[in-house]
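# Show me how the following folds:
(one chain, ligands or ions: 1)
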Amino acid sequence: MDRTKIKICGLSRLCDIEYVNLAMPDYAGFVFWEQSRRNVSIKKAEKLSKALDSSIKSVGIFVNAPFEKIINLCDKNIIDIIQLHGSEDNEYIAKLREYIPKKVIWKAYKVCSKEDLKAAESSAADVVLLDNGYGTGKCFDWSLIEEFTRPFILAGGLTQENICDAIRKFQPYAVDISSGVESEGVKDKEKILKVVTTVRNC
Ligand SMILES: O=C(O)c1ccccc1NCC(=O)[C@H](O)[C@H](O)COP(=O)(O)O
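Alright, predicted model coming up:
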């Protein structure tokens with residue numbers, strides 16, 4: 001079986017890119033949502049993604065964004081993968097695919113109940129991401145996903161302390177971490193290096 005991949009999300013400074021280039025996670029995430037403290041402009045993201053090691057895939061995170069914004073970022077090769085984090089439905093995903101058929105689309109679901117998992121099971125996205133919200137730093141109730149059958153990315157409140165347990169228990173396609181590799185609201189080099197090594201070795 002393939003090893004669980006890791007995404008470090010919410011990068012916004014050039015030094016964050018230096019940290020991930022040292023740690024070498026599989027994915028690096030840029031948030032394109034103005035209400036987030038981790039939001040990056042298109043111009044900034046272009047700079048950051050150019051500095052990113054070419055073997056790390058860049059993921060653009062969107063919340064109910066207009067198609068033009070996503071298409072523009074794809075056309076400029078700033079992002080490799082699209083992560084939809086709002087209330088985008090299968091119709092939205094189908095339309096987006098018509099514009100950019102070659103791009104991989106991830107869809108995030110906030111998991112509060114079994115109903116949320118039903119929606120995730122029937123998602124038209126290539127991969128689903130199960131989360132607690134918008135980079136909250138808090139876990140959802142993991143007991144809800146014990147019978148979830150589709151490959152998924154696990155997110156929400158992952159830390160150096162709980163990430164290995166989560167991988168052993170659920171064998172997700174990937175784990176996604178943001179707050180857990182921050183100190184005082186910014187990305188922390190040592191935490192990033194440590195968590196990527198932990199995931200590689202667990
Ligand atoms: O991180 C944000 O600020 C954000 C804002 C709006 C939509 C999504 C956002 N983050 C998405 C992610 O993929 C995070 O990595 C994921 O929610 C896990 O975050 P955390 O619980 O802080 O590790």
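# alpha carbons only for contacts and neighbour counts from here, please
Noted.
# how about the helices in the chain?
14-23, 42-51, 67-75, 90-99, 114-121, 163-170, 189-201 (DSSP state H).
# possible to save the ones you listed as a markdown table with distance to residue 140, mean pLDDT and mean neighbour count?
Shown next, in a markdown table, are the helices of the chain (distance: least, C-alpha to C-alpha, whole Å; pLDDT from 0 to 100; neighbours: other C-alpha atoms under 10 Å):
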| stretch | distance to residue 140 | mean pLDDT | mean neighbour count |
| --- | --- | --- | --- |
| helix 14-23 | 26 | 98 | 18 |
| helix 42-51 | 29 | 98 | 16 |
| helix 67-75 | 28 | 97 | 14 |
| helix 90-99 | 24 | 98 | 14 |
| helix 114-121 | 12 | 95 | 15 |
| helix 163-170 | 12 | 97 | 16 |
| helix 189-201 | 20 | 98 | 17 |
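# Reformat the ones you listed as JSON lines; add distance to the ligand.
Below are the helices of the chain laid out as JSON lines (distance: least, C-alpha to the nearest ligand atom, whole Å):
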{"stretch": "helix 14-23", "distance to the ligand": "14"}
{"stretch": "helix 42-51", "distance to the ligand": "15"}
{"stretch": "helix 67-75", "distance to the ligand": "14"}
{"stretch": "helix 90-99", "distance to the ligand": "17"}
{"stretch": "helix 114-121", "distance to the ligand": "16"}
{"stretch": "helix 163-170", "distance to the ligand": "11"}
{"stretch": "helix 189-201", "distance to the ligand": "12"}
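# would you turn the ones you listed into JSON lines with distance to residue 143?
Below are those laid out as JSON lines (distance: least, C-alpha to C-alpha, whole Å):
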{"stretch": "helix 14-23", "distance to residue 143": "31"}
{"stretch": "helix 42-51", "distance to residue 143": "36"}
{"stretch": "helix 67-75", "distance to residue 143": "34"}
{"stretch": "helix 90-99", "distance to residue 143": "26"}
{"stretch": "helix 114-121", "distance to residue 143": "10"}
{"stretch": "helix 163-170", "distance to residue 143": "10"}
{"stretch": "helix 189-201", "distance to residue 143": "21"}
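# And these: which comes nearest residue 6?
Closest of the helices of the chain to residue 6 is helix 189-201, at 7.1 Å (criterion: C-alpha to C-alpha).
# quick check: angle from the closest one to helix 14-23?
Interaxial angle of helix 189-201 relative to helix 14-23 (axes from the mean of the first three to the mean of the last three C-alpha atoms, to 10 degrees): 30 degrees.
# could you say what helices and strands helix 189-201 packs with?
The contact analysis (3 or more C-alpha pairs under 8 Å, 6 or more residues apart in numbering; DSSP states H and E) places helix 189-201 against strand 5-8, helix 14-23, helix 163-170.
# wait, which of those is closest to residue 192?
Judging those by C-alpha to C-alpha, what sits closest to residue 192 is helix 14-23, at 6.7 Å.
# Contacts made by the closest one with the rest, please.
8, 11, 28, 48, 51-53, 187-189, 192-193, 196-197 (C-alpha atoms under 8 Å, 6 or more residues apart in numbering).
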